[in-house]
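[1] next input, structure requested:
(chains A, B, C, D, E and F)
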6 protein chains.
Amino acid sequence: MKHYQPIDSFQSPRFCGVRTFMRLPHVKTLENVDFLIVGIPFDTGGSFRIGTRFGPQAIRDVSILLRPYNPEMKINIFEHCSGVDYGDINIIPGYIEESYERIQKDMIEILKGSVIPIGMGGDHSVTLAELRAVRDVYGPVALIHFDSHSDTWDSYFEKKYNHGTPIRRAIEEGCIQMEHSIQVGMRGPLYCPGDLQDAVDMGLEVITTGDIRRIGINKTIERIRERVKDTPVFVTFDIDFLDPAYAPGTGTPEIGGFTTWEALEMVRSGLKGMNFVGFDLVEVLPTYDSGQITSFAAAGIMYEFISLIACNKAKI
Amino acid sequence: MKHYQPIDSFQSPRFCGVRTFMRLPHVKTLENVDFLIVGIPFDTGGSFRIGTRFGPQAIRDVSILLRPYNPEMKINIFEHCSGVDYGDINIIPGYIEESYERIQKDMIEILKGSVIPIGMGGDHSVTLAELRAVRDVYGPVALIHFDSHSDTWDSYFEKKYNHGTPIRRAIEEGCIQMEHSIQVGMRGPLYCPGDLQDAVDMGLEVITTGDIRRIGINKTIERIRERVKDTPVFVTFDIDFLDPAYAPGTGTPEIGGFTTWEALEMVRSGLKGMNFVGFDLVEVLPTYDSGQITSFAAAGIMYEFISLIACNKAKI
Amino acid sequence: MKHYQPIDSFQSPRFCGVRTFMRLPHVKTLENVDFLIVGIPFDTGGSFRIGTRFGPQAIRDVSILLRPYNPEMKINIFEHCSGVDYGDINIIPGYIEESYERIQKDMIEILKGSVIPIGMGGDHSVTLAELRAVRDVYGPVALIHFDSHSDTWDSYFEKKYNHGTPIRRAIEEGCIQMEHSIQVGMRGPLYCPGDLQDAVDMGLEVITTGDIRRIGINKTIERIRERVKDTPVFVTFDIDFLDPAYAPGTGTPEIGGFTTWEALEMVRSGLKGMNFVGFDLVEVLPTYDSGQITSFAAAGIMYEFISLIACNKAKI
Amino acid sequence: MKHYQPIDSFQSPRFCGVRTFMRLPHVKTLENVDFLIVGIPFDTGGSFRIGTRFGPQAIRDVSILLRPYNPEMKINIFEHCSGVDYGDINIIPGYIEESYERIQKDMIEILKGSVIPIGMGGDHSVTLAELRAVRDVYGPVALIHFDSHSDTWDSYFEKKYNHGTPIRRAIEEGCIQMEHSIQVGMRGPLYCPGDLQDAVDMGLEVITTGDIRRIGINKTIERIRERVKDTPVFVTFDIDFLDPAYAPGTGTPEIGGFTTWEALEMVRSGLKGMNFVGFDLVEVLPTYDSGQITSFAAAGIMYEFISLIACNKAKI
Amino acid sequence: MKHYQPIDSFQSPRFCGVRTFMRLPHVKTLENVDFLIVGIPFDTGGSFRIGTRFGPQAIRDVSILLRPYNPEMKINIFEHCSGVDYGDINIIPGYIEESYERIQKDMIEILKGSVIPIGMGGDHSVTLAELRAVRDVYGPVALIHFDSHSDTWDSYFEKKYNHGTPIRRAIEEGCIQMEHSIQVGMRGPLYCPGDLQDAVDMGLEVITTGDIRRIGINKTIERIRERVKDTPVFVTFDIDFLDPAYAPGTGTPEIGGFTTWEALEMVRSGLKGMNFVGFDLVEVLPTYDSGQITSFAAAGIMYEFISLIACNKAKI
Amino acid sequence: MKHYQPIDSFQSPRFCGVRTFMRLPHVKTLENVDFLIVGIPFDTGGSFRIGTRFGPQAIRDVSILLRPYNPEMKINIFEHCSGVDYGDINIIPGYIEESYERIQKDMIEILKGSVIPIGMGGDHSVTLAELRAVRDVYGPVALIHFDSHSDTWDSYFEKKYNHGTPIRRAIEEGCIQMEHSIQVGMRGPLYCPGDLQDAVDMGLEVITTGDIRRIGINKTIERIRERVKDTPVFVTFDIDFLDPAYAPGTGTPEIGGFTTWEALEMVRSGLKGMNFVGFDLVEVLPTYDSGQITSFAAAGIMYEFISLIACNKAKI
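    I've put the predicted structure just below:
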């Protein structure tokens, strides 16, 4: 049986060859595949600094440094699962609703193939299209949302679709099991108190950055696990969850955020063993990413997503 | 009578104060104003590198170095005309047709006030909205189009509106007097021979970069002047007319282009004394603009536009 | 009554328009104004990396992302106070004593208008001129000084005025109530033991970074509050208080510094309810500021200053 | 019959997908292929600024903007030929002689397949390995060498192999038909007069930048054509032939160089109709490449190489 | 007796003059010298991002900001010791074994002169040559190795010498007293579990980043001190021990790392009073170092090395 | 007799060692020295973008690539002359008049030693101090001034000394033989017509960029030579003479400028055989210098100055 894994970096230097995520084969197949990486280079939803269309490429560029054994999780990923770089979804720049259709269509196909997708944005508006696909295939699911913004605004300039509104839309459209969903990391100035309260009122649990600083990482992990339980879950990670010192390359940075170590802890211990239907990592914006550190952070977090999938397969 | 002119840089250092174009007053008025600078920070039409929404700010940032006397034109601008920085038009990011409406509406108001607008993009898609306004106020006008691309593609991804199609749309919509209009500077790979031939077939004169290299700048200037004559004219200048060495900060650079001196010559001598209804300068993309040189080029070309207006007022 | 507040970002995209701090009106008035933002782009006092004259512009450029409700302070700023962007003070580059006169003169006017100024440097030398103005209007005040350097050197190259000496000069000139003043965050190599001891000997309390690491943030906050009490107080924040990972864009970075979260905590909880006469934030140097993160940090800290003013007005 | 050509950019945005040169298929085949692009990311031979191992990736990243019709050559490339992105050769970083063996072996295979390779460096040391392969398959060939350096030094630090010596080595090893070979563009300071005279003494024709400035581009083109005639020819283009303003991203820039237009002219008119066995373009160093303009120049010159191949196939 | 110390920065501005480390005299002498700074600009061993040959220059460039009194260690360095900037070792780029010979030869001479060298890489491959010299002069010594990688791989591409293998080679070649040696900070993905286990099996103590996060900095310090005791010790510090937010300018960054404060603590308290034979700091790569912060971190850690030497001399 | 020349780059890689100009010995001597390079890192006179204090370091950093034989001049420099890197003059940042005294004093000493200084700025204000020294030693001399600005403004903010006024001051202070002096390259917007006319009225010949474009480089060279004849001459070269595409790293860039080839031609042929008393090259500002190209241009022009001195010594 075909098993997809990265090129051997003891034979071929890591900087050699066409860039794919982690040097995985770039094959557009769903057969014999446990997970796939797929770029969604759509950034028309961005409200401030822009250019996340180049996010997938930038993440691929540094992901070639990743190695297959995860010492914190104690797992050799490709002993337990097979994965590919599926390429990018052909969105239409400048046209959000048409792009949503394309994303949704491709994601439905992937999900129906029983493959776990790990999407790379693009801005956070793409998550709505992914969640629509998830709903169409699995019905409403739990959502774990790491971000500095709740993205539950109703509209900007009277427009419903952009990177500030996807979570509200997803809720309205029945994609989310509210009682098992949670938002983690909100911080920074708001337009009004309702900006966060709305999320709570709609039924989400919200743990702000201030909360996490007060209760600690371990307690936060507990609350995530208690909330989600074994519900099928989609994980969306906005890179601005991290502090701008760790992730300068993003559209709307918020100071006072998390280190990569803290994020890795919350992902590794916070999510281990859950029943994943999909992941995404969004808002990497390379033109502001000095020294590529945002891309390294993104690739590293996606690596933990893959490790989580492998752990499930290995039943460890 | 109120006369608007820049702050005196012998009293206040040029790096002091809120940035406006050339340190002009930021007043939203049309009274006692001959020309105005207006930002149109819309970049949803961009097909490759993106972020021209920050173009107006970047141009303002360096324009503060400009001084009022133009020694090549031998004119002290503000002895002859009054101008303001009008601020930016409130476009809607991500929504091109709604943004077109807002741009068109604001431009009609300006044009009706008998003020000559100098628009700062944003991407080249904004020019269609400006030309619609010009048509609504003046009827069809001559167009002088400096660019490395003809921007007469029919559509991308079956979509009619983006930064590759505005000139074709403007022609279709009756904004342009074809027999007096001209495109200057086209170069670089195309999809097919029709890409340029279409423009010619629709009735435009096209002088490619190759043509200019063969006939020289002076002959090019002659051809522009012969074509346009004294028809009311709108001038649109895509900064990628310049070579990437002179204008790296743009969305779709084409190598083999012009120096700033050549561009200044074509603007100064090529356009002097014409019957201007408006100008724009588009496609400045600051995140790729090393050392701010693209912004300096843009500000310098806009300075010549202002000088042309002043020369007309001074009848020199 | 006129009330000054930011442009509504649901109507006008945040990247639209001439940049003012937080999109506040740029009006040179003191009437109906509770606080004002004023740039002091003077950098002749800089001893190493230089260019803080562009600091105010850079801070304005990113401050447009700030929103009016502070969820940690639980206050909607503009329900309680009115503020403007006052523009910049016309310093004279290259001439420190003449610039001091201009700064002092403008600040006296502001302070006499019963407005709380929030100055944006420029290098730290400007604080002496501000403190002279404060003294002239209020007499000696308490000083809270966040910095990695004590800035109490006597002179460089036998010159009394530069960015390493303002605090010593302010003490000598009777601007400071020593028994209520405190320096927080000193670290990094010194010329000799006296560099810090001098400050203590003159009567200041000094809490070094090493001290803070040993006693913790909460205890530090306590010591600040105990020291200052309800004395009228001027707060000066040198951005190099932050670690270079969080604030690379500054003249004399010192490793081993604070995160933005720690700084926000010290400002929010450390200063809440005090009797403020003025604030400044200095030493933002954009040409070394990768990804604009230093400017984001600066804007965010200034946002807390404004929030503190609003809390006082709201009596919360 | 299989025909390889780029993805259609009217269906899929150019920034979508895994990056290959010009969006060509990444297939490691020689069947039904007229030309192929192959990366040789070896930079151990570099004597100053270093990092051309990332050159192939950087060129691919911007090459996606290239379109298939060349208006100056009047040819639609893929109507006449088929091409692929072959990926990179697995060199061994740090080990030049072993890397030479790998490059030579892969290139022999390509050349025996009757495919014209277009190599992307890597530093100029790789050209020796390519020329060894060419010699092994075709015997000695003509060499056209565009560069600011003659690369005929004997050794550095008593070492024979690095990016300053490949042409001398290739001559010594019988790879080159001296009487039909020519070097174009030499300029900049030398160690001694012999540095250039050696090349002439060994039998090469050398046209320096000074010569070209004196005789003009057209006469230069004539001399190239007269020298090479219809001998099988390998073309090597060091990007530092261009001026640093046009190609900052390279290891040893020399001021006073050529514009991209001049280079395009020399390649298009200078080489048209020749009997090509292979091409390379070397010394693109992305970490010094502000605004990606060096990569754009490189991709644009490689595009002309492909056009030349297509013209030969089309017999135009 | 001659005593070497930095130029007085109260007389000469710190940005004046030819750059040497900390403005120390650049004298190639071993007489009356306690420590010396020596650059080893060799980067042929780098497996990914490359260019550490410019590391020594970059560190010197910012080290000029360092002042002579260390307030945390409470020592005025040059009251107790004399030091020089010895310049760089003339390695041969592209030739690792010959470069090893040159480094080893120069280091033996230094060590025989009873001077403590502080080497500046260059990539980590240089440490093998240093350890060979140390062994030749002192016999096997203890090694303290701060790094995110254990650098005990056996080979890459069947080659024994590069920046991933020096520690294994040094062990094999009898340079290290295993029972007193320790590796600190390992983290990030591996090829297989053996990558770390090998180091342990060979007899090293290994404290991973995960371990440190669990046991704390103080306990880590204890374990280092217990391990090394008073054995003669060589300290090697790979700058990627720090998190990429603190040290973006390095070849193979690993997220989830340490702050500069944590590193300073481990160096100051962890190493104080040990019996040092030499130090190095490697892998600073300036082309990826936004805002020079990596160089500042490197200079600051080297400053602590010097302070440790001074404390030993002062017996404090 | 001692003869100073660069380190041999066939023995020591060019990137090795403490940076001095062209790898010349850093010796503070005037004996057996024909020319010396001296940094004047003073930038308090800058009116816009600032930081030329780091200019000398940046030029040194890339000058290490220069080789000793000039093929255009056909001279092996160090066969005919001896030169050193003299280090930098200890100016006082922030204090222009005191800095002038220090520069003047050091330059007098150099000139009295019969050594030809080549100064590296710093901003253009330093030239006044150099010219004062020249006058004190030689009496008034001819001045050749390459620049885009005439620097003959009377004052800014009522201050006489800054980088816009040195030439007027030098004229007023009797440093210049007006009838043999010439300004070359002026362009860009002015405050008023007098800005250039003043220079002419005071007796200087002024050739603007527009003039040069009209009369050509050769005629410009003739006019320079006719003007200066064999008068003792000081040459001052402001790097903004070059176009911003060639020299982005400068304080007040003016578009429409010269290429490096044009500049080299004007220096080589325009100045050969003249009776030089000194040179300077000013206004290199590294923080805006993408890819170091401004520094390369500066080093290359300084290399021609040295070649001119060598030609005079060699009487060729």
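
[2] surely A:Gly113 meets A:Leu30?
    Yes: with contacts counted by CB atoms under 8 Å, A:Gly113 reaches A:Leu30, the gap being 3.3 Å. Heads up, the C-betas are built off the backbone N, CA and C, glycines and all.

[3] then stretch A:102-118 to PDB, C-alphas only?
    Coordinates of the C-alpha atoms in stretch A:102-118 are reproduced here as PDB (Å, rounded to 0.1, in the frame of the first residue of the first chain):
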ATOM      1  CA  ARG A 102     -14.700  26.800  -4.300                       C
ATOM      2  CA  ILE A 103     -13.300  26.300  -0.900                       C
ATOM      3  CA  GLN A 104     -16.400  24.600   0.400                       C
ATOM      4  CA  LYS A 105     -16.600  22.300  -2.700                       C
ATOM      5  CA  ASP A 106     -13.000  21.200  -2.400                       C
ATOM      6  CA  MET A 107     -13.200  20.700   1.300                       C
ATOM      7  CA  ILE A 108     -16.300  18.600   1.100                       C
ATOM      8  CA  GLU A 109     -14.500  16.300  -1.300                       C
ATOM      9  CA  ILE A 110     -11.600  16.000   1.000                       C
ATOM     10  CA  LEU A 111     -13.700  15.300   4.100                       C
ATOM     11  CA  LYS A 112     -15.800  12.800   2.200                       C
ATOM     12  CA  GLY A 113     -12.500  11.000   1.400                       C
ATOM     13  CA  SER A 114     -12.100  10.500   5.200                       C
ATOM     14  CA  VAL A 115      -8.900  12.600   5.100                       C
ATOM     15  CA  ILE A 116      -8.200  15.200   7.800                       C
ATOM     16  CA  PRO A 117      -7.400  18.500   6.100                       C
ATOM     17  CA  ILE A 118      -5.000  21.000   7.600                       C
END
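
[4] any idea of the mean pLDDT for it?
    Averaging pLDDT along stretch A:102-118 gives 98.

[5] hmm, who's touching it?
    Here stretch A:102-118 makes contact (CB atoms under 8 Å, 6 or more residues apart in numbering or on different chains) with A:30-31, A:33-38, A:40, A:42, A:86, A:89-92, A:119, A:126, A:129-130, A:132-134, A:136-138, A:276-281, A:302, A:305-306, A:309.

[6] repeat the analysis, applying 7 Å as the threshold.
    Here stretch A:102-118 makes contact (CB atoms under 7 Å, 6 or more residues apart in numbering or on different chains) with A:30, A:33-38, A:40, A:89-92, A:126, A:129-130, A:132-134, A:136-137, A:276-280, A:302, A:305, A:309.

[7] check stretch A:286-300 too.
    So stretch A:286-300 is in contact with A:49, A:51, A:54-55, A:58-59, A:61-63, A:66, A:239, A:242, A:246-250, A:260, A:281, A:284, B:51, B:287, C:290-292, E:244-245, E:248-249, E:253, E:255, E:288-290, going by CB under 7 Å, 6+ apart.

[8] report the buried residues of the longest helix along chain A.
    Longest helix in chain A, counting residues (DSSP state H): helix A:293-314. For helix A:293-314, a neighbour-count test (16 or more other CB atoms under 10 Å in any protein chain shown) marks A:293-313 as buried.

[9] in helices, which of the contacts of stretch A:286-300 appear?
    Those of the contacts of stretch A:286-300 lying in helices (DSSP H): A:55, A:58-59, A:61-63, A:260.

[10] counting by contacts, list what the helix or strand harbouring A:Gln197 packs against.
    Per DSSP states H and E: A:Gln197 is located in helix A:194-201. In terms of contacts (3 or more CB pairs under 7 Å, 6 or more residues apart in numbering or on different chains; DSSP states H and E), helix A:194-201 is packed against strand A:205-208.

[11] now, of the contacts of stretch A:102-118, which are buried?
    A:30, A:33-38, A:40, A:89-92, A:126, A:129-130, A:132-134, A:137, A:276-280, A:302, A:305, A:309.
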